[in-house]
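> curious how this folds, go ahead:
(4 chains, ligands or ions: 4)
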Amino acid sequence: MALIQFREALNQAMCEEFDLNPDVFLIGEEVAEYDGAYKVSQGMLAKYGPMRVVDAPISECGFAGLGIGAAMVGMRPIVEFMTFSFSLVAFDQVVNNAPKMFNMSGGQLSVPIVFRGISGPGQQLAATHSWSVEALYTHVPGLKVVVPTTPYDAKGLLKTAIRDPDPVIFLENEALYGNKGEVPDGELLIPFGKADVKREGTDCTVVAWGQGCLAALSAADQLHKDHGINVEVLDPRTLRPLDLPAILKSIRKTGYLVTVETGYPTCGIGAEIITQVVEHAMDDLDNHPIRVTSLDVPIPYSKPLLHHVVPGATRVAEAIKKAIYFTE
Amino acid sequence: MALIQFREALNQAMCEEFDLNPDVFLIGEEVAEYDGAYKVSQGMLAKYGPMRVVDAPISECGFAGLGIGAAMVGMRPIVEFMTFSFSLVAFDQVVNNAPKMFNMSGGQLSVPIVFRGISGPGQQLAATHSWSVEALYTHVPGLKVVVPTTPYDAKGLLKTAIRDPDPVIFLENEALYGNKGEVPDGELLIPFGKADVKREGTDCTVVAWGQGCLAALSAADQLHKDHGINVEVLDPRTLRPLDLPAILKSIRKTGYLVTVETGYPTCGIGAEIITQVVEHAMDDLDNHPIRVTSLDVPIPYSKPLLHHVVPGATRVAEAIKKAIYFTE
Amino acid sequence: MPAAITCADSPPTSGVGPERTKRVTTVADSHSTKIEPSPSQMIEWYRQMSLIRQFEVKCAQSYQQQKVGGFCHLYVGQEAVAVGSIAAARPQDYIITAYRDHGHAIAKGMEIAPLFAELYGKLSGCSHGKGGSMHFFDAKKNFFGGHAIVGGHIPLAVGLGWAAKYRKEDRVTLCYFGDGAINQGSFHEALNLAGLYKLPCIFMVENNGYGMGTHLHRASAVTDLKLRTGDAYNIPGKEVDGMDCLAMYNMTRDCIEYCRAGNGSMFLEVKTYRYRGHSMSDPQKYRTKEEVTKFQEHDPIGRLEKLLREKNHIDEAKFNAINEEIHAQVESAHAAADAAPFPPLDDVWRDVYANPFPPYLSR
Amino acid sequence: MPAAITCADSPPTSGVGPERTKRVTTVADSHSTKIEPSPSQMIEWYRQMSLIRQFEVKCAQSYQQQKVGGFCHLYVGQEAVAVGSIAAARPQDYIITAYRDHGHAIAKGMEIAPLFAELYGKLSGCSHGKGGSMHFFDAKKNFFGGHAIVGGHIPLAVGLGWAAKYRKEDRVTLCYFGDGAINQGSFHEALNLAGLYKLPCIFMVENNGYGMGTHLHRASAVTDLKLRTGDAYNIPGKEVDGMDCLAMYNMTRDCIEYCRAGNGSMFLEVKTYRYRGHSMSDPQKYRTKEEVTKFQEHDPIGRLEKLLREKNHIDEAKFNAINEEIHAQVESAHAAADAAPFPPLDDVWRDVYANPFPPYLSR
Ligand SMILES: Cc1ncc(C[n+]2csc(CCOP(=O)(O)OP(=O)(O)O)c2C)c(N)n1
Ligand SMILES: Cc1ncc(C[n+]2csc(CCOP(=O)(O)OP(=O)(O)O)c2C)c(N)n1
Ligand SMILES: [Mg+2]
Ligand SMILES: [Mg+2]
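Ligands and ions are numbered 1, 2, ... in the order given. Coordinates of the predicted model:
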């Protein structure tokens, strides 16, 4: 166990898999000579050379497709999008070629590829640069979608993703890169579809991941301090597959549900979770679930507007109080 | 009033707006000399000439962007995607440039553009060609999303879309093009955000549009014939804006809700509608709502598999019975 | 057109420097030293082209009988392109193409029975009925599809080339697409990557003059396609007569040599023509009967037959034998497909994930 | 480099035919007959370049003070490109560029007060704080942004050109982008459309040698960018020294003439250099101090100043007056922005739709 940064955990996961399997390589913009736009691939070029750590032109459609093609013959590409906002110019490759090749070839060609990079509103990057792509990609059968919250999860989930035979969308939050946490040095594999209770509680279930999960945790602490409310924070860790049983189990205990995401509300992950919960356990709910999301508007540049649009601990706390009928 | 085909209604709407406003033009693949891959623009080249009815190369990103640029200076482009499955190679243009320009320019530049074409699984076109893009685009603030079911709606909604100052995603179903219906010859404008009761009923509310709406209607007839069940079929006609008040009103009457869509279930339109209903009227529901969708798999080519994946009247009828606890 | 192979008009080398010049000569030279293929080789080409032709004639019938669904794009007229070029490739070389893929699949050695079955959506189809006409695959034979989004597979070809270079394997990737695909962004990004990384890929545009109903000159700002990649991507472009199987064979062989020598990628403008409509539902108002007949006079199968006869490589009996064998082959494969069972409905849950999870597991 | 303008190496005309040749000569000829701009014109250019420079020096300070957020890409070193080219354009001509847009906005005549306010995210910003540094807009002045997705705005420029041609308006569209944008599919699709429809557009690649930390030769298979559009899109390419305001003016004027004459589009490779990092957070390990200094010796502002002094178009007093005026302008605009109020929080619901519906209405 060592206390390392989120970005270091990702770096460690990639290096360990590079060492284990010569078919693993990394391609993306500025990943090699620049050491990564956000320094996630720091030192990897020096260690593995230019064939395994590959700088690409600003051609997301091109190098995403390159990765898929290489994966079709059994290579294990890790394609870094500087941010997933830029994956939208490669959308057809990610939602058609990657997830449907295995199916349309009748199971002949699997596509073991990992698309990774930043998702979620950064620091005042305005509407086109601030996408939370969780919903866009979770919508698509054939893809798997992973969102780590802690350095521990980051390492364990990325290693699993690289070894998985299916295309994996691996979403990172810029805000988390610098966070530190305990991470075991050697082998660490976290299975997909297993939620993690980030905070035990009895009064309300909050389902949250990544940036939103940290907001939920501080909201939970605040509510406990101020009002003795015990919030359970459940981190699904993977959105596809989704650990519905764990969510239902928690709700059976608490009777209330709040979801948190930085994405747009409409047809979002919150909507999906709430719909599944209502379908399977409406009777366990003592109030209607509440989804906390970014407001249904383009993400603005101006700082106060940005913080008004993207949900933080305060809005999560408000939602929890409302969900459990709490009044001071 | 004349009895005309769905495709003729669309053609009429475009021609009337062409006549009213010289800034309206149509661009897309095969729209001009070929008279439209699905004959929607039949005769328009002859009538309006090559500057207003424009054949484009297979460059969706390019001509979608061309339309947006022209709209920025007040033109009224209608961009036809042969099918919306092909809009995915132009995704960034449609979800970034079109819906965010007005916002990021501080209200200086509106983008009065209509993107129209086929959405929904066609006849055995396999996974990449069978997209129902409703959820992908309804997710995005700044867009408006329209899905006509009848020739009447097709004309009235398309005319409204062409005059609207915002970017409109106008989704057509190949299966409906040949359907006939009564359509007034002259002016016909249907406002966005106003649902239409396609069938009155008291026992269950079914929210459905386009292809799914016709499936719902025949399911309703069948259930009435076989079991005297009175289903209310509500057609939202536009998914963004969504006429929630109309949906809630109907549910207050029936107590039950079923949604129908040909798209993938996860983060779909059904999930969004159910979540909004639960948030505003959980107490009016006598059972949990049920969403009928395509199965959560890539759309297969093989005919029996295709019909198993895409919901038809039978599956809608099953869902309604289940929703209202009906047992024979 | 159909024109002779014009090695002369390789792209202008100005501005791209000596190495570029070297490249072009490489191909030109090797090309000038043609190797005459053996009679048995050419007879095999004749057989393959005839098989593709008869296979598709049967497809058309079955489509009219609505036993085949979806979009079905016939290759009739273009057979020499796939047969001649793939004849020059080796089993380990990668092949990938667009939705007009029947010819390439058969030329790469796929049995026609699983192809008919795929068209019929049957379980015994090469993709178990999931793909249909536009999505033929045979991983074992290094045939990577069959792709329906115009231009969308070109970056995949770059990935195949990348894998070969990365693994230091002696493989060349042959990537086919239509003249309409040239105007997709994916083509541009893919060719720049191939030119930049010097990948062993041959990009072949099957220029049949039309993208659906749109003639090349109404879709492409430059109609002399072989020029579009030299100055743009440092990938030399050459032109070849796609109605001539022998020319296709020789040119492709030279290009493969060029790639194997580590020179990078090549671009081939293949001049060809499709006799049938774009797909089965195409009134073809955009061209005249005369135009079609003009090209049919240069039919690739007829031309090779003529050659073989002139050289007395083959006699009447042999011809009849071949064609009867093909006929029998097509009939039995077709009958088998017709009789074969559809996949069980639960198969929709199959092959969605290689490492599935519920609900895919529970099915 | 910075090289003199080399009209000679216009793209090879082989294969694209006479019209192509005609085009190139058009520009070359008109170009050879240079019109010397008036002293007052050149003084105005000097003023604009200095204003841009001082505006951005102030931006950098404010960014360090964290009063400016997001990504902030400075134009320092490239000022002559926007100023020289836009000086050759007319008010009705359309301008559109990427996220490195401060220079173009100011050269097109935007006041700097609303620009500072935008950087500060204030209500008085040109986009009411919704856009920030990468999204400056001024519809009234025909400045169409300010776009942050690399290459994403190039198709929009084609739309602007289309609108002008459709409406038979005498407007030319100037579209700017970086050397990194050339490898995006959107560039390819846009240029083919412009070449096909013969639209009055001038596409200018501001080749400053780097896309972020990646040198051109590591991103583009062909580094002689002016060659990339001739054979590929039938759009002649030319090269111009972007560190020379006068050269930019003359070349752009000729290109505008060419477009107005209905010849179609032009492509300009502008050789330039950015002195600062890609954005405010760039360690710049990819280049040496020496390289930067080498280019700074050809500083566009310094060069024009030298010229004006040599020709005695201006004296010391006038210089000081100009620079003091600019200094005062920057200080007051900045102070105003600093003091200005943020937008009310409910403004997030504003300008989402031009024809809003609930909940946008209810706010
Ligand atoms: C991105 C995309 N846009 C449009 C289509 C519809 N479409 C299928 S084939 C075709 C024409 C392609 O012509 P070409 O590339 O010349 O190939 P050919 O059919 O001549 O073999 C079109 C427009 C598609 N499949 N994908
Ligand atoms: C589609 C897309 N991919 C990546 C980025 C991130 N990015 C922003 S600027 C830039 C470099 C662009 O370089 P260039 O085009 O040469 O313009 P310059 O910065 O030199 O002016 C990159 C990679 C982006 N904004 N959009
Ligand atoms: Mg073609
Ligand atoms: Mg640059």
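
> the strands in the chain, which residues?
Here I'm looking at chain A. A:2-5, A:24-28, A:53-55, A:76-83, A:114-118, A:144-146, A:168-172, A:180-183, A:196-199, A:204-207, A:231-235, A:238-240, A:257-260, A:290-292 (DSSP state E).

> should've been chain C
Under DSSP E, chain C gives strands at C:94-96, C:173-178, C:201-207, C:210-211, C:214-215, C:237-241, C:266-271.

> wait, which of the strands of chain A is closest to D:Cys59?
Smallest distance to D:Cys59 across the strands of chain A (CB to CB): 22.8 Å, for strand A:76-83. Quick note: C-beta positions are derived from backbone N, CA and C, even for glycine.

> packing partners of the closest one?
Packing partners of strand A:76-83 (3 or more CB pairs under 8 Å, 6 or more residues apart in numbering or on different chains; DSSP states H and E): strand A:24-28, helix A:60-72, strand A:114-118, helix A:151-163.

> ok, C:Arg53 touching C:Val76?
Yes. Because the distance of 6.3 Å satisfies CB atoms under 8 Å, C:Arg53 is recorded as touching C:Val76.

> for C:Gly69, give its distance to C:Leu123.
Going from C:Gly69 to C:Leu123 by CB to CB, to the nearest Å gives 16 Å.

> higher neighbour count, those two?
C:Gly69 (21 against 16; other CB atoms under 10 Å in any protein chain shown).

> could I get the strands of chain C as a markdown table with distance to ligand 1 and mean neighbour count?
A markdown table is the format used below for the strands of chain C (distance: least, CB to the nearest ligand atom, whole Å; neighbours: other CB atoms under 10 Å in any protein chain shown):
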| stretch | distance to ligand 1 | mean neighbour count |
| --- | --- | --- |
| strand C:94-96 | 14 | 27 |
| strand C:173-178 | 2 | 28 |
| strand C:201-207 | 6 | 27 |
| strand C:210-211 | 3 | 22 |
| strand C:214-215 | 8 | 20 |
| strand C:237-241 | 16 | 26 |
| strand C:266-271 | 11 | 26 |
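
> next up, the contacts around the one residue in the stretch 151-300 of chain A that gets nearest to ligand 2.
Among the residues of the stretch 151-300 of chain A, A:Glu174 lies closest to ligand 2, at 13.4 Å counting by CB to the nearest ligand atom. Neighbouring residues of A:Glu174 by CB atoms under 8 Å, 6 or more residues apart in numbering or on different chains: A:Tyr38, A:Thr83, A:Ile118, A:Gly120, A:Gly122, A:Gln123.

> spell out which parts of chain C neighbour ligand 1.
With CB under 6 Å from any ligand atom as the criterion, chain C comes near ligand 1 at residues C:100, C:148-150, C:178-181, C:206, C:208, C:210-212, C:278.

> near chain A too, which of those?
C:Ile149 (CB under 8 Å from any CB of the partner chain).

> any low-confidence regions in the stretch 51-200 of chain A?
In the predicted model of the stretch 51-200 of chain A, no residue satisfies pLDDT under 70.

> so for A:Arg315, which of the helices and strands packed on strand A:76-83 sits nearest?
strand A:114-118 (22.0 Å).

> angle of that closest one against strand A:24-28?
Here the directions of strand A:114-118 and strand A:24-28 differ by 40 degrees (axes from the mean of the first three to the mean of the last three CA atoms, to 10 degrees).

> touching chain B at all, strand A:114-118?
No. Strand A:114-118 is not in contact with chain B by CB under 8 Å from any CB; minimum separation 14.9 Å.

> pLDDT score for whatever residue of the stretch 201-328 of chain A ends up closest to ligand 1?
Nearest residue of the stretch 201-328 of chain A to ligand 1, counting by CB to the nearest ligand atom: A:Cys267, 24.0 Å away. Listed pLDDT for A:Cys267 reads 98.

> pLDDT value on the closest residue to A:His280 other than its chain neighbours, please?
Excluding the flanking residues, the one nearest A:His280 by CB to CB, 6 or more residues apart in numbering or on different chains is A:Leu248, at 6.0 Å. You'll see A:Leu248 listed with a pLDDT of 98.

> go on, C:Glu36?
For C:Glu36, pLDDT reads 83.

> burial measure for it, as a count.
Residues near C:Glu36, counting by other CB under 10 Å, number 10.

> hey, where'd the helices end up in the chain?
I'll assume chain A. A:6-20, A:44-48, A:60-72, A:91-92, A:98-104, A:134-138, A:151-163, A:210-227, A:244-254, A:269-281, A:303-309, A:313-323 (DSSP state H).

> that's the wrong chain, I meant chain C
C:18-32, C:39-64, C:79-88, C:102-107, C:112-119, C:154-166, C:185-197, C:216-219, C:230-233, C:245-260, C:289-296, C:300-310, C:316-339.
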